[in-house]
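Q: Fold the following and give me the result.
(chains A and B)
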Amino acid sequence: MKYFDNPERMVLLLRQMLDGLGVTMTLFALTLVISLPLGLVFALLRMSKLKVLRFPVWLLILIMRGTPLILQVFTVYFILPQIFGMSFERMTAVVISFGINYAAYFAEIYRAGVEGIPQGQREAAHVLGMSRAQAFFRILLPQMIKRIMLPVSNEVITLVKDTALVTAIGMVELYRVARNAASASGSLEPLFVAGIFYLILNTLVTAAFDAMGRRLDYYKG
Amino acid sequence: MLQANNLEKSFDALGVLRRVSLHVEKGEVVAIIGRSGSGKSTLLRCLNHLEKVDAGYIRVDGDVMVDTENGGYAPRDKLHAICLKMGYVFQNFNLFPHFSVLRNLTEAQRCVLKRPKEEAEARAEALLEKVGLSDKRDQYPYQLSGGQQQRVAIARALALDPMILCFDEPTSALDPLLTKDVLTVIRDLARDNNTMIVVTHEMAFAREVADRVMYMEDGRILAQGTPQEVFSEQAVRAFTAVAPDQAL
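A: Down below sits the predicted model:
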């Protein structure tokens, strides 16, 4: 054992890992801030009556869900700058690619949530004179949110773990810190510690979704 | 008050409405009866713009909703205003499950009619009292029985002050005991001279409450007139002989 029986080294490692955790959390938070609302935009376009709006989003979602996230990160970080002659900060490139990728998944979850609401709800809104926008934001969206909590929590938990992918373009986050320490020391203990960090993060995510689920439990249906 | 001429509607080449015409006078209660699949619900849905007619003419209180021989449906804003003159009560209530009973009644008043909160709530409370559910104002739909939900749905439709209230088999999803409460509310509305179109399977109720009964079969109106006239027609008698004439 190199860390678990050596408090000094352990404290040093934890300190480095907290720095890495900061990067991980930043990426996590920014991705959600972008993808949760962007997913709603994608979902609305995907459900549009107009094929010109529906088709491009259908294609984008197909590509985002159908290719590895890591390739999408590479594309934004290495290839887009060559095409457009501008370069991105690593974090910017990663947040763009994660944001769009997760938005694609959220869009399909939102769509399933909306389409699962009985047609009668839309008809009731219509006969009460509500516009399509009023019906969506007042009647469908609130009911949709309750229906999508479980699949959304799955995605958010996956996102916590997907942040480790950005190691591939040289970002130093939680997993990279642990891997560096592991190769420098020849011990797997830092990776084990990193695993515990991810588990704690996802315990918090799970608790947050449980709490939101309970708050939405004031009605049934 | 309402005039509809030669309405036609088909789903996948299946003719559901075949040149159906009807008119409803102010204060009149019209019952539409007939077998399942005879087109009576589709007729009601077309009058409320839940379905678009393939051909025909509908006029509500002097405003033309649709005239397929003369420009089709009214422009959006006009259509919206015309639809607001109609109220609609669904077979399976379709209350908003995420709103309290009170909010079910106030939501459209506020966002569609732009009524101030106090006014909308006062109207909602008056209507809840009328349908006997004042004590349920803060409950959610799932906490109510089917009959109570349907009475809330009736109050929700009334809250927008429609000129004509339409009921699509309002008691078909209810057991006989709950049916009674809902029919009592509709009967009271009829007594207050509300203009109503009621699609129903309750023959005794149609006979008692309706000023006029229309009997539909295969997308056509085969008989219409006073309840006495219609229920003595050969075709209608054949129908009512097999239809359950539920006691009230």
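Q: Walking through the chain, point out its strands one by one.
A: Going with chain A. Taking DSSP state E, chain A contains no strands at all.
Q: My question was about chain B, not that one.
A: Going by DSSP E, chain B shows strands at B:2-11, B:14-24, B:29-34, B:55-60, B:63-67, B:72-73, B:86-89, B:164-168, B:195-199, B:212-217, B:220-225.
Q: Show me what the fourth one is packed up against.
A: Counting contacts by 3 or more Cβ pairs under 8 Å, 6 or more residues apart in numbering or on different chains; DSSP states H and E, the secondary-structure elements packed against strand B:55-60 are strand B:2-11, strand B:14-24, helix B:40-47, strand B:63-67. In this view, the C-beta of every residue, glycine as well, is placed from N, C-alpha and C.
Q: hey, C-alpha coordinates of the shortest one in CSV?
A: Okay, so that is strand B:63-67. In CSV, the C-alpha atoms belonging to strand B:63-67 read as follows (Å, rounded to 0.1, in the frame of the first residue of the first chain):
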residue,chain,number,x,y,z
ASP,B,63,-70.3,34.0,-36.8
VAL,B,64,-69.3,31.5,-39.5
MET,B,65,-66.8,28.9,-38.1
VAL,B,66,-66.5,27.1,-41.4
ASP,B,67,-68.0,27.3,-44.9
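Q: Briefly note if that strand comes near chain A.
A: No. Applying Cβ under 8 Å from any Cβ of the partner chain, one finds strand B:63-67 separated from chain A by no less than 13.5 Å.
Q: what does that strand contact?
A: Outside of strand B:63-67, the residues within contact range by Cβ atoms under 8 Å, 6 or more residues apart in numbering or on different chains are B:49, B:52-53, B:56-59, B:72-74, B:78-79, B:81-83, B:85.
Q: what's the closest of those to chain A?
A: B:C83 (6.4 Å; Cβ to the nearest Cβ).
Q: What distance do you get for that closest one to B:R19?
A: From B:C83 over to B:R19 the distance is 23 Å, taken as Cβ to Cβ, to the nearest Å.
Q: more neighbours, those two?
A: A direct count of neighbours by other Cβ atoms under 10 Å in any protein chain shown for B:C83 and B:R19 places B:C83 higher, at 22 against 14.
Q: ok, the closest residue to that one other than its chain neighbours - how many residues close by?
A: Nearest residue to B:C83, sequence neighbours excluded (Cβ to Cβ, 6 or more residues apart in numbering or on different chains): B:H49, at 5.1 Å. By the criterion of other Cβ under 10 Å, B:H49 has 21 neighbours.
Q: In this structure B:H49 contacts B:L84, no?
A: No. Counting by Cβ atoms under 8 Å, B:H49 sits too far from B:L84 to count as a contact (10.5 Å).
Q: contact partners of the helix or strand of chain A with the lowest mean pLDDT?
A: Taking mean pLDDT, DSSP states H and E as the measure, the helix or strand of chain A with the lowest value is helix A:80-84, at a mean of 87. Defining contact as Cβ under 8 Å, 6+ apart, one finds that helix A:80-84 is touched by A:S87, A:F88, A:A93.
Q: Neighbour-wise, give me the winner out of those residues.
A: Neighbour max across the contacts of helix A:80-84 (other Cβ under 10 Å) = A:A93, 23 neighbours.
Q: Please tell me how far it sits from A:T24.
A: For A:A93, the distance to A:T24 equals 16 Å [Cβ to Cβ].
Q: what does A:T203 give?
A: Distance from A:T203 to A:T24, by Cβ to Cβ: 15 Å.
Q: If you count surrounding residues, which of these two has more?
A: Per other Cβ under 10 Å, whichever of A:T203 and A:T24 has more neighbours is A:T24, with 25 against 10.
Q: any idea of the angle the least confident helix or strand in chain B by mean pLDDT forms with strand B:212-217?
A: Taking mean pLDDT, DSSP H and E as the measure, helix B:234-242 is the helix or strand of chain B with the lowest mean score, a mean of 79. In terms of direction (axes from the mean of the first three to the mean of the last three Cα atoms, to 10 degrees), helix B:234-242 departs from strand B:212-217 by 80 degrees.
Q: Need the single longest helix in chain B, by residues.
A: Longest helix in chain B, counting residues (DSSP state H): helix B:176-191.
Q: The residue of chain A most remote from its centre: what's its closest spatial neighbour, skipping adjacent residues?
A: Farthest-out residue of chain A from its mean C-alpha position, per Cα atoms, centre = their mean: A:V127, at 37.6 Å. Spatial nearest neighbour of A:V127, chain neighbours left out: B:Y88 (3.9 Å); criterion: Cβ to Cβ, 6+ apart.
Q: number of nearby residues for that neighbour?
A: B:Y88 has 27 nearby residues by other Cβ under 10 Å.
Q: partner residues bridging it?
A: B:C166 (DSSP bridges).
Q: Now do the helices in chain A.
A: Using DSSP H, helices in chain A cover A:7-46, A:51-66, A:69-74, A:80-84, A:90-115, A:119-127, A:132-134, A:141-162, A:174-185, A:189-215.
Q: about what we covered before: out of the contacts of helix A:80-84, flag the one nearest to A:L60.
A: Nearest to A:L60 among the contacts of helix A:80-84: A:A93, at 17.8 Å, using Cβ to Cβ.
Q: Would you confirm that that closest one contacts A:Y77?
A: Yes. With contact defined as Cβ under 8 Å, A:A93 and A:Y77 form a contacting pair (4.0 Å).
Q: for the residue nearest to B:C83, what are its contacts?
A: Neighbours of B:H49 in contact, by Cβ under 8 Å, 6+ apart: A:H126, B:M65, B:L79, B:C83.
Q: and what of A:S48?
A: A:R54.
Q: Now it: phi and psi?
A: phi -60, psi 150 (degrees, to the nearest 10).
Q: ok, now how distant is it from A:F42?
A: 11 Å.
Q: Convert the C-alpha atoms of stretch B:46-55 to PDB, please.
A: These are the backbone C-alpha positions of stretch B:46-55, laid out as PDB (Å, rounded to 0.1, in the frame of the first residue of the first chain):
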ATOM      1  CA  CYS B  46     -66.700  18.900 -35.400                       C
ATOM      2  CA  LEU B  47     -69.000  21.500 -33.800                       C
ATOM      3  CA  ASN B  48     -66.200  22.200 -31.300                       C
ATOM      4  CA  HIS B  49     -63.400  22.200 -33.800                       C
ATOM      5  CA  LEU B  50     -61.800  19.100 -32.200                       C
ATOM      6  CA  GLU B  51     -62.100  17.600 -35.700                       C
ATOM      7  CA  LYS B  52     -62.200  19.500 -39.000                       C
ATOM      8  CA  VAL B  53     -65.100  18.800 -41.300                       C
ATOM      9  CA  ASP B  54     -64.400  17.700 -44.900                       C
ATOM     10  CA  ALA B  55     -67.400  19.700 -46.100                       C
END
